[in-house]
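**Student:** Build me a model from this:
(one chain, ligands or ions: 1)
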Amino acid sequence: MTGRRVVYRNEVSHRFARAELLRRWRAGEASREEVCDADFLLRTAAEYHGVPAGYPCPVCGAEDLRIVRWIHGEQLGRMAGTARSEEEIARIVATGKEATVHTVEVCPRCHWNHLLTAVTATT
Ligand SMILES: [Zn+2]
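**Tutor:** Next comes the predicted model:
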């Protein structure tokens, strides 16, 4: 495959907040409804645009945990706020646009979901 490579910068990790939420859930300080609140749109996006996480769901242990990428940004027009594959993101930023990519893990079984990272994608 040819074309320009995507450059990711300004990555913000949300793994600490994720670990803290899981800790609160395990300690009984957060209900399962609170931590497993993926809505229909998010679950559908994870199913059609997501990729396997490669590790089990931290809440229910399901093996089909998904990773889905959402793109945001003023330059994206109607593409803002949509779920995209890595290949699609590469094509979009190859046109000179800048996108903020939110990587979210979603469990199709228990509806656990959490933002993992936010990063700026450009070429
Ligand atoms: Zn789960």
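
**Student:** mind listing the strands in the chain by residue range?
**Tutor:** 7-13, 51-52, 66-72, 82-84, 99-106, 113-122 (DSSP state E).

**Student:** Check which helices and strands the shortest one sits against.
**Tutor:** Spelled out, it's strand 51-52. Judged by 3 or more C-beta pairs under 8 Å, 6 or more residues apart in numbering; DSSP states H and E, strand 51-52 is in contact with strand 66-72. For glycine as for every other residue, the C-beta is placed from the backbone atoms N, C-alpha and C.

**Student:** distance of Arg109 from Arg32?
**Tutor:** 12 Å (C-beta to C-beta, to the nearest Å).

**Student:** returning to what we had before: which of the strands of the chain sits closest to Arg26?
**Tutor:** Minimum separation from Arg26 across the strands of the chain (C-beta to C-beta) falls at strand 113-122, 14.3 Å.

**Student:** So which residues on the protein come close to the ion?
**Tutor:** Within the chain, the positions near the ion by C-beta under 5 Å from the ion are 57, 59-60, 62, 107, 109-110, 112.

**Student:** and with 8 Å instead?
**Tutor:** Within the chain, the residues that sit near the ion (C-beta under 8 Å from the ion) are 36, 57-62, 65, 107-112.
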